[in-house]
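[1] Take this sequence and fold it.
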Amino acid sequence: MKLTISRRIGTFAGDRRMVLLLILAACLLAGRAWLAAHPQHDPWAPLDLRHPVGWATEAKLRALRDDVRACRAVLERSDIAHEVLEPAGEGACRREDRTRLGDFPLSPTIPPVTCPAAIALLLWERDVLDPAARRIFDSKIAEIEHLGAYSCRRLYGRDEDHWSEHATANALDIAGFVLEDGTRINVMRDWRGEGDEGRFLREVRDGACGSFATVLSPDYNAAHADHFHLDMSARWRGVCR
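    Below is the predicted model:
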């Protein structure tokens, strides 16, 4: 009798383990299927900028900081028009990564920047600038006015200090925006305004912090009274003000 009960208990325990294994296998298969349908959340799926931002996007972007080849592969995979330029400059201002977007509303020109900075610009325009312009002004972004990307100098032009991210074109200074309906928004003029232009500027400044490592605005200091400084420094998350 005891032997029979023991066998039944053993059989029940074995059946329970089998059921649990089947449930686990079903969950794993369902999870893999869900990730396949939502690659933005899959840490193993190649980054494609046509996908929405997901749980795994930031980690994938962070991995591109020191891998120019992988970064440019993302642009290719995402079907982003761009041009790869030859390295230029010397010493601390040597620019090994010179990537120029081929179709982007920067004005007056589209300057070469680092590949990570180019990707950050793409995400900022897609996920922050255009949605904010549509919601606040019912118009799209026509031009993003900038003051330049490359400048072989140290921070604030000092003789001795850390080199600026501009020294390698890993940064861009944004002065204003022009919308398709003709509305002009200027950082110097509109930043502290109470109207839609000021609200737009403050919203897109905050939104830039999700794409760029460092975002500096007129709130930071007087040197940035007329522009946003956006860069992709190695620290990934720096000042956002």
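
[2] mean confidence for the strand or helix carrying P131?
    Using DSSP states H and E, P131 sits within helix 130-137. In this model, helix 130-137 carries a mean pLDDT of 98.

[3] Now for the residue nearest to F228 when sequence neighbours are not counted, how many residues are close by?
    With Cβ to Cβ, 6 or more residues apart in numbering as the criterion, F228 has its nearest non-adjacent residue at 4.4 Å, and that residue is I174. C-beta coordinates here come from the backbone N, C-alpha and C atoms, glycine included. Neighbour count of I174, defined by other Cβ atoms under 10 Å: 24.

[4] From N186, how far off is I174?
    11 Å (Cβ to Cβ, to the nearest Å).

[5] Quick one: low-confidence residue ranges for the protein.
    1-14, 24-37, 235-238 (pLDDT under 70).

[6] So R189 versus F200, what's the distance?
    For R189, the distance to F200 - Cβ to Cβ - is 13 Å.

[7] same check, this time on R135
    For R135, the distance to F200 - Cβ to Cβ - is 9 Å.

[8] the more surrounded of those two?
    For the pair R135 and F200, the greater number of neighbours falls to F200 (22 against 10), based on other Cβ under 10 Å.

[9] could you pull out the strands for the chain?
    82-85, 98-101, 106-107, 141-148, 171-179, 184-186, 214-216, 228-231 (DSSP state E).

[10] Among the ones you listed, which comes closest to R69?
    strand 82-85 (10.4 Å; Cβ to Cβ).

[11] by contact count, what packs against the closest one?
    Here strand 82-85 touches helix 68-77, strand 98-101, going by 3 or more Cβ pairs under 8 Å, 6 or more residues apart in numbering; DSSP states H and E.

[12] Tabulate those (a markdown table), appending mean neighbour count and distance to M232.
    Putting these into a markdown table (neighbours: other Cβ atoms under 10 Å; distance: least, Cβ to Cβ, whole Å) gives the following:
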| stretch | mean neighbour count | distance to M232 |
| --- | --- | --- |
| helix 68-77 | 16 | 10 |
| strand 98-101 | 22 | 12 |
